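**Student:** please work out how this folds:
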Amino acid sequence: MADNEFDWYGPETSTFGDRVCAAREQAGMSQKQLAKRLGVKHSTIISWEQDLSEPRANRLSMLSGILNVSFSWLLTGEGEGVGSPDEHSELTPEISDILIEIRDLKASLVKSADRLGRLEKKLRTKLKES
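**Tutor:** Numbering: from 1, shown residues only. From the prediction side, this is the model:
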């Protein structure tokens, strides 16, 4: 990193909650909207953003998909995340709506994959019992 660059969301300068908040804001979502998309309570998002708690791995995976940032960036600040606050440009409402729809679809796919894994495990257990 050059001397004139500052890593706004690196591990030395931000927390997990800071990164969740920044990614959510860049995605143009309120805390309530994010909570609804993740299937958690609004208070859960508040707790994450205030660093009072952290999500489990499956929610973290969904969160990174919805917010379009890497899993590792959310945890450590390293990897594909959001730029510094002055790098954000305004998106048209149409583009913003498309991005939200893409993120919703990604989250739905992750949720379906998790459900499929649970069902497969349940089936294997039943087959062993038979």
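
**Student:** when you work out contacts or count neighbours from here on, use the C-alpha atoms and nothing else.
**Tutor:** Will do.

**Student:** got any ranges where this protein has weak pLDDT?
**Tutor:** 1-13, 83-91, 103 (pLDDT under 70).

**Student:** so which residue is dead centre in it?
**Tutor:** Centroid check for the chain by Cα atoms, centre = their mean gives L63 as the closest residue, at 2.3 Å.

**Student:** contact partners for that residue?
**Tutor:** The contact partners of L63, by Cα atoms under 8 Å, 6 or more residues apart in numbering, come to L38, A107.

**Student:** and S108, how many neighbours?
**Tutor:** 17 (other Cα atoms under 10 Å).

**Student:** check which helix or strand covers the residue nearest to the centre of the chain.
**Tutor:** Counting by DSSP states H and E, the element that carries L63 is helix 57-67.

**Student:** now swap in E101 and tell me
**Tutor:** helix 93-129.

**Student:** where does K111 sit relative to I66, distance-wise?
**Tutor:** Going from K111 to I66 by Cα to Cα, to the nearest Å gives 11 Å.

**Student:** those two: which is more packed in?
**Tutor:** I66 (26 against 17).

**Student:** correct me, but that one touches S108?
**Tutor:** No - counting by Cα atoms under 8 Å, S108 is not a contact partner of I66; they are 9.3 Å apart.
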